[in-house]
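Asks: I would like the atomic coordinates for the input below:
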Amino acid sequence: MVWRNGGTDKTAIWRRKQQFIGGGFIQDAPKLGSNSNWQLIDANVVDNDLRLLWRDAVGDQTAYWTVSNDLAMAGGGFFTNTTALGSNSDWKLLDELILGDKTQLVWRNAASSETAYWTIDAGGSAVDRGFFDAPKVGGEWELTEVA
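Replies: Got it, this is the predicted structure:
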């Protein structure tokens, strides 16, 4: 579980299986600013480290943090060379797919029925991006599984 206190600008993690097994504040976490526009949009385990994806919809920026098992920052930054989603747009993250040493972020715009992707390298730069060449499905459709 990831906890964020917008007033104190602190981020913490609780680890659990069926019960609480540990946790604490992320050491040296970047400051998002108290009561900022940044929102956590995804959390995923990659190579035994926790990856947190953050989105500032107002500033049209997306960032990532990699947090090690001892709650130390192991890396992170802003995604670069990506397609702008637009401030306060209808684009929402559908899924983060781990593809070896790359990650693919799949985005969906329910208003336009478009689905887009960013393929990101280990350094946070998009090496490929675009729209899926697939039939558009209406806003009433929801992704239920990625296989």
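Asks: only C-alpha atoms for contact and neighbour calcs from this point on.
Replies: Fine.
Asks: which parts of the protein are strands?
Replies: 2-5, 10-16, 20-25, 38-46, 49-56, 61-67, 73-78, 91-99, 102-109, 114-120, 126-131 (DSSP state E).
Asks: nearest to residue 32, of those strands?
Replies: Each of those was scored for nearness to residue 32 using Cα to Cα, and the closest is strand 38-46 (6.7 Å).
Asks: figure out how far the closest one is from the centre of its chain.
Replies: 4 Å (Cα atoms, centre = their mean, to the nearest Å).
Asks: what does stretch 110-126 give?
Replies: On Cα atoms, centre = their mean, the centre of stretch 110-126 falls 11 Å from that of its chain.
Asks: identify the residues contacting it?
Replies: 76-83, 90-91, 101-109, 127-132, 136-140 (Cα atoms under 8 Å, 6 or more residues apart in numbering).
Asks: from the centroid of this protein, which residue is nearest?
Replies: Among the residues of the chain, the one closest to the centroid is residue 53, at 2.3 Å (Cα atoms, centre = their mean).
Asks: can you pull the pLDDT of it?
Replies: Per-residue confidence at residue 53 stands at 89 (pLDDT).
Asks: partners of it in the sheet?
Replies: residue 42, residue 64 (DSSP bridges).
Asks: how about TSV for the strands of the chain, with distance to residue 31 added?
Replies: Formatted as TSV, the strands of the chain follow (distance: least, Cα to Cα, whole Å):
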stretch	distance to residue 31
strand 2-5	11
strand 10-16	8
strand 20-25	13
strand 38-46	10
strand 49-56	12
strand 61-67	12
strand 73-78	12
strand 91-99	23
strand 102-109	24
strand 114-120	23
strand 126-131	24
